[in-house]
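> turn this into a model:
(one chain, ligands or ions: 1)
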Amino acid sequence: MVKHRPPYFLLTLLLSLLSLTSPYHSAEEDTPITRFQQYLRFDTAHPNPNYTAPISFLKTFAQSVPGLQTQILEFTPNKPVLLLTLPGSNPSLSSILLNSHLDSVPAEPSKWVHPPFAAHKTSDGEIFARGAQDDKCIGMQYLEALSNLRSKGFVPARTIHVSYVPDEEIGGLDGAAKFTASKEFENLNVGFVLDEGQASTNNVFRVFYADRTPWNLIIRASGTPGHGSKMFDNSAMENLMKSVEVISKFRESHFDVVKAGNAMIGEVISVNPVYLKAGIPSLAGFVMNMQPSEAEAGFDIRLPPTADPDLLKKRIVDEWAPAARNLTYQIIEKGPMRDHKGCPLATATDDSNPWWSIFKQAITAAGGKLSKPEILASTTDARYVRQKGIPAFGFSPIKNTPILLHDHNEFLKDTNYLNGIKVYKSIISSLSSFEDGSY
Ligand SMILES: [Zn+2]
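A predicted model of the protein is given here:
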């Protein structure tokens with residue numbers, strides 16, 4: 001009888017494959033795509049984002065890149081900031097900082113075709129995950145690009161920092177706001193920042209030079225209560241409804257400019273009603289034969305850096321919530337409008353800003369095209385660095401992709417992701433080689 005033994009070459013093949021497997025995920029091979037999938041699988045969604053596991057994953061990866069230093073800063077307990085540093089050859093030059101946030105908005109798994117934290121890749125290469133576009137792609141692409149550059153012996157002239165901050169999706173007060181206000185940040189001597197942008201649905205990349213500043217406006221009306229059948233002036237509801245009408249007209253006039261193609265959405269003031277609170281509750285719903293003595297409405301307002309906040313405040317006092325109609329108001333400013341010198345929070349996109357030309361050329365060198373620079377309709381952590389007078393662009397190298405941030409079925413295609421690494425290699429090497437000491 002012949003005894004069967006496994007062929008020797010199969011055994012050695014198996015052993016060599018085992019030794020090649022990832023230190024991060026033993027069941028998968030280790031490629032930029034599998035590493036991206038692993039980062040996407042950490043559930044960093046609010047209200048309970050897990051920051052410890054992704055930071056440890058990123059730190060392990062960063063420690064495999066020769067010369068890349070790692071440190072964890074904590075300005076609020078359990079809200080860590082991971083900071084990576086690749087020292088430049090000329091320490092007298094200011095540094096560049098690449099920022100991304102660790103957290104994401106929640107996802108409703110039942111509305112997704114693939115589970116939002118499984119990072120499933122389809123046969124077409126689409127990777128489905130919460131955070132695939134916003135903004136775990138860029139966090140990993142920064143690292144992959146640096147790792148790639150270092151493997152070819154790249155040494156930057158300027159020091160390069162990469163930061164991973166918590167809580168961007170809830171305003172960044174315990175994240176980027178505290179980080180940029182810290183002594184540690186001051187010591188980084190940052191001269192230029194890249195932060196997240198947004199996907200482009202066509203073949204050109206988008207770039208953002210400013211964010212809009214959010215305001216929350218609450219208007220409260222009071223008036224004489226009365227029987228539901230009675231006609232009289234100055235009821236709380238009547239006063240509030242008049243305000244809603246005036247505000248709706250303002251909203252329409254700004255929206256019309258956008259619809260006519262004369263401005264991009266980020267360039268106008270937007271105002272949207274978000275809640276109405278009135279009525280006297282009853283067991284069946286609301287008391288119908290009584291006009292209430294109080295009513296309230298809430299509005300989300302977004303101001304581009306070109307808007308005059310004082311002018312808008314005057315409009316609110318005079319037209320939207322005049323005291324003569326028994327209205328009071330409250331404005332909650334959710335971020336700065338001006339930098340430390342009183343200038344609008346916007347980064348120049350012309351020859352006055354050398355970072356702009358370098359950035360643009362680096363995109364071209366990587367075979368990409370840039371569309372007209374935009375003001376972001378929403379907000380990012382970039383506003384905190386712009387507030388310090390530091391130039392910052394919002395950029396995510398995602399093209400030919402639907403804009404799915406905060407949406408169901410957020411995905412990014414593998415080829416798009418890999419091309420993004422190539423784009424960042426070009427951007428990082430160009431920006432960090434800029435040797436003019438006055439910037
Ligand atoms: Zn984001």
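
> residues of stretch 384-394 that come out buried?
The neighbour-count check on stretch 384-394 (16 or more other CB atoms under 10 Å) flags 384, 385, 386, 387, 390, 391, 392, 393, 394 as buried. For the C-beta atoms, the positions are set from N, CA and C on the backbone; glycine is no exception.

> no no, stretch 42-51
42, 43, 44, 45, 49, 51.

> that older thread, pick the one among the buried residues of stretch 384-394 closest to the ion.
Within these, the smallest distance to the ion is 9.3 Å, found for residue 394 (CB to the ion).

> could you find the closest non-adjacent residue to the closest one?
With sequence-adjacent residues excluded and distances taken as CB to CB, 6 or more residues apart in numbering, residue 394 is closest to residue 208, at 3.5 Å.

> can you name the residues in contact with the helix or strand harbouring residue 147?
Under the criterion of DSSP states H and E, residue 147 resides in helix 136-151. Contacting residues not belonging to helix 136-151 are listed as 32, 35-36, 39-40, 58, 61-62, 64-68, 84, 86, 98, 100-102, 104, 129, 160, 162, 164, 196, 396-398, 412, 417, 420-421, 424-425, 428-429 [CB atoms under 8 Å, 6 or more residues apart in numbering].

> what's the PyMOL line that selects buried ones from those residues?
The PyMOL selection below is limited to those of the contacts of helix 136-151 classed as buried (16+ other CB under 10 Å):
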select buried, resi 32+35+36+39+40+58+61+62+65+68+84+86+98+100+101+102+104+129+160+162+164+196+396+397+398+412+417+420+421+424+425+428+429
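
> which of the contacts of helix 136-151 come close to the ion?
Residues of those in contact with the ion (CB under 5 Å from the ion): residue 196.

> can you tell me how far residue 394 is from residue 376?
Counting by CB to CB, to the nearest Å, the gap between residue 394 and residue 376 amounts to 6 Å.

> common neighbours of the two, please.
In contact with both residue 394 and residue 376: 197, 198, 208, 211, using CB under 8 Å, 6+ apart.

> sitting in strands, which of the residues you listed do you find?
208, 211 (DSSP state E).

> can you redo the shared contacts of residue 394 and residue 376 as TSV with distance to the ion?
Formatted as TSV, the shared contacts of residue 394 and residue 376 follow (distance: CB to the ion, whole Å):
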residue	distance to the ion
197	9
198	9
208	12
211	11
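
> which of the shared contacts of residue 394 and residue 376 sits closest to residue 178?
The nearest member of the shared contacts of residue 394 and residue 376 to residue 178, counting by CB to CB, is residue 211 at 18.4 Å.

> how many residues are close by the residue lying closest to residue 405 once chain neighbours are set aside?
Sequence neighbours aside, residue 134 is the residue nearest to residue 405 in space, at 3.7 Å (criterion: CB to CB, 6+ apart). Using other CB atoms under 10 Å, the number of residues around residue 134 comes to 29.
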